[in-house]
Each structure stands twice: as C-alpha cells, then as structure tokens.
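1. below are the sequence and a predicted model; questions follow.
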Amino acid sequence: MTAFRALLVRDMKLAFLAGGGASLAMSFFALVATLWAFGIGPDVTLLARVAGGVLWVTAMLAALLSLDRLFQADYEDGSLDVIALSPLSLEMAATAKIAAHWLTTGLPLVVLSPLLGLILQLPPPGYVPLVVSLAIGTPALSGIGAIGAALTLSIRRGGLILALIVLPLLSPTLIFGSGAVIDALGGTGRGAFLFLGAFSVAAVALAPFAAAASVRLNLAS
Amino acid sequence: MAVTMTRITVLANPKRFLDYSSALLPWTGGFAFVLLAVGFYWALFATPPDYQQGQSVKIMFVHVPAAWMGIFVYSLIAGASLGGLVFRHPLADVAAKSAAPLGAAFTALALLTGSLWGKPMWGTYWQWGDARLVSELILLFIYLGYIALWNSIDDPNRAAKAAAILSLVGAADVPVIHFSVEWWNTLHQGPSVTRGAIDPAFLWPLAIMALGYTVLFLWLWLLRMRTEIFDRRSRALMLAKGA
Amino acid sequence: MADFFAMGNYAVYVWPAYAATAVVLVVAILSSLRAHAKARENVRRLEMEIGEGDKTT
C-alpha cells in the first residue's frame, strides 16, 4: 500500500514541479472556454444553450494535455523499468498514475467549471449537473487516456495520435456528461448520471489492465 | 471447432499459408466477381421501387453491405488480435494489419452512400438523428486511429501488440458507443430513424450483394496478407544480403 | 431507358452512390493486386540475387 501511495505522491509532485501541475490544465480550460465565447459571438441565449457541451469538450481536451507524458517521461529516463521491477504490480502502478492524473488534471477542472459556466452564460439549473457530471466523468478520461498514453509511449511527439485513438473511445463519457447538463436545463430526466457513472466505473476498473499490458509490451524489447 | 483450430494452426506457417492462399485466390476472386455481377445487375435492373422511398431504395444495396462489412471486418481484427495476444498465432498480426484499410474503406463508403440515401428522406446530407450513421462515423475514426498506431510505431512487433490491445479496447467500447448515441437521440425526435422492414423482393439481391462484398473482402484480404508476408520475407532477405 | 437513368427523380442520389461504390471497389482491387504483384516480384528478385551470390562463392 505504501508503494502505491509513494508512486501516487511522486507523480503528483512531478506534475506540480514540471508542468505547473493543475494550473496548466486550468489555464487551458479557461482560455479555450473564452475562445469559444469569442467564436460563437455575444448571443447570450445561444451561449447558454451550448455552454454545457462546450465545457465538456474543452474539459476532454484539457485532460488530454498532460497524458502523452504520463508514461513516456518515465520510459525515457528508465524509471519505468524501476517501477516494473518494484513489488508494486504494473496494474497498481497504472492505477496510481491514473489517480495522480485525475487529481492534478481532472479534479481542478471540476473545481474551475462553475466559474467558466458563468462566463459562458450557463443557466442556473446547469451548474450542479455540470460539476457532478465532470466529477463522475473525468476519471474515465484519465483511465482511458492512460491506455492511450501507454500504447503511444514510444512514439516521439505522440500527442496527436494519442488524441486520435483516445477521443473516439471517450464518446460515451462526453455524450452522457453533456447530456446530463442538457437534461437538467430541459427538464428531461434520462438517467444520464447513471450511465455516465457506470461507464466511468468500468473504465477505471479495467483501464489499469490494458495500460499495464501496453507498458509491458513496450518494456519487453 | 477442433477442426477449425487445427486448420488455423496449420496456417501458422507462412510458407504453408502462401501455398493454401495461392490455391484459394482464383476461386475467391472468381466467386466474388460472379456474385457482384449478379448482385449489381439484380439490384439495378430487377428491383421494384419502394412505395415510400421510390427508386432511392436502390442505394440500400450498396449501403447496407458496406456498413455490414465495416463492422464485420472490425470484429475480425479484434478476433485476430485476441489470437495474436492470447494464442500467439504467428500470422494474427498480419491478418489484422491487412484487414484494417479494407474495413476503413467499407466504413467510409457506408457513410457516403448512407448520406446520399438519407438526403431524399431527411432533407439533409447528414442526419445526427440516425444513430447507426453516427456510430459508423465514430467507427471510422476508430479505424483511422488503429491504422495510424500501426504506422507510428517503428518496431513491427511492438506495433502489432499495441494495435492488438487498441483493437480489443475498441471492440469493448463500440457497443457502448452505439448505445450512447442511441440514448443521445432520445431527446431529438427527428425524422423516422428506422428504414422499416425489408420488402421480400429486396431480400435476395441484398443477400447476394452482402455475400459478394464478403467474398470480395476475403479475396482482397488474402492478397494483402500475402503481400505483407512477401514484404517481410524481402526485408529478411535484404538483411541477409547486407550480411 | 431515360426513365431508368432518371431513377424516378432520385438519379442525383442513386448514381453517385453507385459510382462511388464502383470507384472504391475498383481502387481497392487494383491497389491490392498491384501491391501483391510488386511484393512477389521483389521476393523473387532477391531470392535470385542471393542464389547467384552463393554460386560465385
């Protein structure tokens, strides 16, 4: 258990030291949300209707930002070999990394989202669903993102292909997540949170196995 | 099942696969040609107009088989990936790699023809309300990502295993994606989504076209697998020459 | 005959669909055949070269 926590803490520290950690993702999130407002124009009613979807898509992109280095950095400097040889199983190591990614990227986005909702004219009924859906959905972004990160860890500048392989797989999270906000605004209850939660639970439970297998195949050369 | 397993292991040897496949090639190619000739002729010249869709129903005969192939090929890739990862079948990755561009082409064709089929019905070339079409679009992206992954990793063994894992993750996700798209549409009561039950007069030409597409795929798949095996042999020979 | 080409006013949808299908299938067939022939030729050529190399040594 301590090995798990050690890896978790180490990854979080690295995130804060190296990339400014949470602030990078949060800045990107805020910046792109602002760009959306510029792009769509000052039509307040229109912005109000699209705010949920815009924030969800932007959150997905912001979560992607730090994913390509999730395993690659350790792979390049040999730390991944050390982690693989440690008593901690690769599956648990992957879980620790996924948790660290969520804590340093996903969670900050959840916290920032109401503020950006304000900027994008999100109507009052939308705020709680926005925050809750992001809270439930962002772990899936980290989990499935980690699989992509492990698959592409040997590709230099693999960020773009990482996005290409990961984003389609995350369609359900986006659909249910923004659907939850849309439902709240429209008064249509379709169980969005249930499906969102189910997908996230499955993704987080299964992703470490796929990510560990991907790490193994890259280390075994 | 036991016979199939022996056959598959028999085909594990590349040389034997080349021998078997060269015997199969003319038959599959010929059969595909016959089926498609009959199918196209029947579809274009011998089917009645639909009472609702008129002559635009004829697009069904090129859209449905293409859509079916897109999904069928992806399941083949997932199956081959499983065979490679779990059973270590030596030709599994060749099979998966060779099938992917064909599957992507069929899916793209399904999207194109589906859009043309829908325009007279929906009034627009793209209908977000058609869950099957939207799922096919996401499937196309999944294919493109899969092919890109194969091409981005230098080491062919790593690429094979990585692609295999990706295809299995995708295979697990695709049903969920389809469900989520259908759920997404429950809000949007657009024009009628289902194209209705198929008139028996259309069933035979549709079946022949579907079979024709399948046999055509098999023929092209064999060709592409052989190409891949030849290329590997060439690379090995080049290395031997250099030494 | 003109009726057939008009496809009951749906010609602008039906014919491009069939044309696109024909193009994609033909391109797939030709490119697969060509790549196959080239790859097989490559192997034959290399095997012959190596065969001759063995003879001279």
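-> Perfect, thanks for sending it. The model shown is predicted, which means the values in this text are computed figures rather than measured ones.
2. which bits of chain C sit near chain B?
-> By Cβ under 8 Å from any Cβ of the partner chain, the part of chain C that sits against chain B consists of C:4, C:7-10, C:13-14, C:16-18, C:20-21, C:24-25, C:28-29, C:32-33, C:35-36, C:39-40, C:42-43, C:46-47, C:49-50, C:53. All C-beta atoms are positioned from the backbone trio N, CA, C, and that covers glycine.
3. tell me the mean pLDDT for stretch A:138-155?
-> Throughout stretch A:138-155, pLDDT has a mean value of 97.
4. and stretch A:200-215, by the same measure?
-> When pLDDT is averaged along stretch A:200-215, the result is 97.
5. quick one: A:L120 and A:V54 touch, right?
-> Yes. Using Cβ atoms under 8 Å, A:L120 is in contact with A:V54, at 6.3 Å.
6. list residues touching both of those two?
-> Common neighbours of A:L120 and A:V54, using Cβ atoms under 8 Å, 6 or more residues apart in numbering or on different chains, are A:A33, A:W36.
7. pLDDT weak spots in chain B?
-> Under the criterion pLDDT under 70, the flagged ranges of chain B are B:1-10, B:188-197, B:243.
8. how about the residues of chain B by chain A?
-> If contacts are counted using Cβ under 8 Å from any Cβ, the residues of chain B sitting beside chain A are B:138, B:141-142, B:144-146, B:148-149, B:152-155, B:157-158, B:161-162, B:165-166, B:168-170, B:172-173, B:176-177, B:179-181, B:183-184, B:186-187.
9. now list the buried members of these.
-> Buried members of these, scored by 16 or more other Cβ atoms under 10 Å in any protein chain shown, are B:138, B:141-142, B:144-146, B:148-149, B:152-153, B:158, B:161-162, B:165-166, B:168-170, B:173, B:176-177, B:179-181, B:183-184.
10. and these, which of them are in helices?
-> Secondary structure defined by DSSP state H assigns B:138, B:141-142, B:144-146, B:148-149, B:152, B:158, B:161-162, B:165-166, B:168-170, B:173, B:176-177, B:179-181, B:183-184 of these to helices.
11. ok, now how distant is B:I147 from B:G84?
-> For B:I147, the distance to B:G84 equals 17 Å [Cβ to Cβ, to the nearest Å].
12. of the two, which one has the most company?
-> Comparing B:I147 with B:G84 by neighbour count (other Cβ atoms under 10 Å in any protein chain shown), the higher total belongs to B:G84, at 22 against 17.
13. give me the nearest residue to that one, chain neighbours excluded.
-> B:A92 (3.2 Å; Cβ to Cβ, 6 or more residues apart in numbering or on different chains).
14. chain center to the worst-scoring helix or strand of chain C on mean pLDDT, what's the gap?
-> Counting by mean pLDDT, DSSP states H and E, chain C has its least confident helix or strand at helix C:2-6, which shows a mean of 72. The gap between where helix C:2-6 is centred and where its chain is centred comes out at 30 Å by Cα atoms, centre = their mean, to the nearest Å.
15. elements contacting the helix or strand following it?
-> Towards the C-terminus, the helix or strand next in line after helix C:2-6, according to DSSP states H and E, is helix C:11-56. Under the contact criterion of 3 or more Cβ pairs under 8 Å, 6 or more residues apart in numbering or on different chains; DSSP states H and E, the helices and strands touching helix C:11-56 comprise helix B:14-45, helix B:60-85, helix B:92-122, helix B:200-242.
16. and if we set it to 7 Å?
-> helix B:60-85, helix B:92-122, helix B:200-242 (3 or more Cβ pairs under 7 Å, 6 or more residues apart in numbering or on different chains; DSSP states H and E).
17. does the strand or helix carrying A:F193 reach chain B?
-> In this structure, A:F193 is located in helix A:192-219 according to DSSP H and E. Yes. For helix A:192-219 and chain B, the contact criterion (Cβ under 7 Å from any Cβ of the partner chain) is met by A:F195, A:F199, A:A210, A:A213, A:S214, A:L217, A:N218.
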